[in-house]
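K.L.:
Sequence and predicted structure below; questions after.
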Amino acid sequence: MKKIIISFLIIVLSGCSYFQDKGDETELWPAERLYAEARGELDSGSYERAVELYEKLEARFPFGTFGQQAILDLAYAYFKNDEPDAAVSTAERFIKLYPQNAHVDYAYYLKGLANMQRGKGITERFLPLDESQRDSASALWAFEDFSDLVYRYPDSQYAADAKLRMKHLRNVLAEHEVHVARYYMRRGAYIAAANRARYVIEKYARTPSIPDALVIMAKAYKILELDELSEDALRVLELNYPNTPGIYDVRAITLQ
């Protein structure tokens with residue numbers, strides 16, 4: 001019996017030793033090694049592991065010499081690991097903590113990229129689906145981020161790309177409003193449809209959605225028997241977009 005108890009204790013102690021050996025191997029790493037390993041994982045595309053290491057670096061050495069760059073790297077790792085919410089909050093934290101940092105323009109740019117990614121499912125990230133039919137909030141946030149970057153840092157290396165993305169997002173936001181206006185038309189909410197279309201014309205001038213917005217305005221006003229307003233919209237449409245098919249649709253509307 002005594003031999004059995006001793007054997008049991010040996011097994012238990014060996015098991016404890018085994019699990020201790022399998023603990024966190026990074027626990028005794030200095031900040032330099034943690035940062036180097038995290039950066040290596042990031043550069044190799046192992047984003048989940050990079051996130052894990054950067055989080056440990058921040059937790060253990062929040063005020064170390066690697067702190068500032070680690071936050072930016074962590075934001076990028078979140079972005080690449082399909083965690084846009086975490087990427088945005090981390091970029092915002094960097095901007096708040098280090099507004100004078102030489103790389104703060106990149107934080108604004110990365111925040112914009114992450115906001116563009118927000119709300120997209122796996123399918124949308126790999127298939128060319130219509131962005132304008134998604135919730136417009138993330139597109140608007142991204143537009144504001146890129147706008148802040150261009151305004152605050154016009155000479156930034158990211159400014160040119162930010163401007164292109166702003167143009168794209170502006171088109172997306174305008175088309176989203178047109179989708180909403182069409183929805184109101186289908187529901188018979190003609191005043192709401194006309195107001196939404198007018199908003200597109202006032203807010204998003206020179207976007208591809210302007211002809212569609214003018215058609216909706218002309219149709220809605222004609223159905224509401226506001227003939228003068230309908231003719232005004234048609235006049236602008238025919239003058240600037242004479243080949244728009246919707247012109248004939250408006251002309252074909254007859255009221256009982």
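P.N.:
Everything's here; your move. Note that the structure is predicted; figures quoted are calculated from it, not measured.
K.L.:
now the helices for the stretch 51-200 of the chain?
P.N.:
Assigned by DSSP state H, counting those that start in this stretch, the helices in the stretch 51-200 of the chain fall at 67-80, 84-97, 104-117, 122-126, 137-152, 159-187, 190-203.
K.L.:
any idea which of those helices is most buried?
P.N.:
Greatest average neighbour count among those goes to helix 104-117 (a mean of 24), per mean count of other Cβ atoms under 10 Å. Heads up, the C-betas are built off the backbone N, CA and C, glycines and all.
K.L.:
That one vs helix 137-152, what angle?
P.N.:
Orientation check (axes from the mean of the first three to the mean of the last three Cα atoms, to 10 degrees): helix 104-117 against helix 137-152 gives 160 degrees.
K.L.:
Tell me which other helices or strands helix 104-117 touches.
P.N.:
For helix 104-117, the elements it packs on are helix 67-80, helix 84-97, helix 137-152, helix 159-187, judged by 3 or more Cβ pairs under 8 Å, 6 or more residues apart in numbering; DSSP states H and E.
K.L.:
name the helices or strands packed onto the longest one?
P.N.:
Contact here means 3+ Cβ pairs under 8 Å, 6+ apart; on that basis helix 159-187 packs against helix 104-117, helix 137-152, helix 190-203, helix 210-223.
K.L.:
surely L74 meets L53?
P.N.:
No - in this structure, L74 is not within contact of L53 by Cβ atoms under 8 Å, at 9.3 Å.
K.L.:
Could you list the low-confidence segments of the stretch 151-256 of the chain?
P.N.:
256 (pLDDT under 70).
K.L.:
again, 90 this time
P.N.:
Residue ranges of the stretch 151-256 of the chain with pLDDT under 90: 243, 245-256.
K.L.:
Take the helices and strands packed on helix 159-187 and write them to a markdown table, including distance to L28.
P.N.:
Converted to a markdown table, the helices and strands packed on helix 159-187 look like this (distance: least, Cβ to Cβ, whole Å):
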| stretch | distance to L28 |
| --- | --- |
| helix 104-117 | 31 |
| helix 137-152 | 39 |
| helix 190-203 | 57 |
| helix 210-223 | 63 |
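K.L.:
hmm, back to that, to E27, which of the helices of the stretch 51-200 of the chain lies closest?
P.N.:
helix 67-80 (17.7 Å; Cβ to Cβ).
K.L.:
Tabulate the CA atom coordinates of the closest one in PDB.
P.N.:
What follows is helix 67-80 as a C-alpha-only set of coordinates in PDB (Å, rounded to 0.1, in the frame of the first residue of the first chain):
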ATOM      1  CA  GLY A  67       5.200  51.300 -26.200                       C
ATOM      2  CA  GLN A  68       4.300  53.800 -28.900                       C
ATOM      3  CA  GLN A  69       5.300  51.700 -31.900                       C
ATOM      4  CA  ALA A  70       3.700  48.600 -30.400                       C
ATOM      5  CA  ILE A  71       0.300  50.300 -30.300                       C
ATOM      6  CA  LEU A  72       0.500  51.200 -33.900                       C
ATOM      7  CA  ASP A  73       1.700  47.700 -34.800                       C
ATOM      8  CA  LEU A  74      -1.100  46.200 -32.700                       C
ATOM      9  CA  ALA A  75      -3.700  48.300 -34.500                       C
ATOM     10  CA  TYR A  76      -2.400  47.100 -37.900                       C
ATOM     11  CA  ALA A  77      -2.300  43.500 -36.600                       C
ATOM     12  CA  TYR A  78      -6.000  43.800 -35.500                       C
ATOM     13  CA  PHE A  79      -6.900  45.200 -39.000                       C
ATOM     14  CA  LYS A  80      -5.100  42.300 -40.800                       C
END
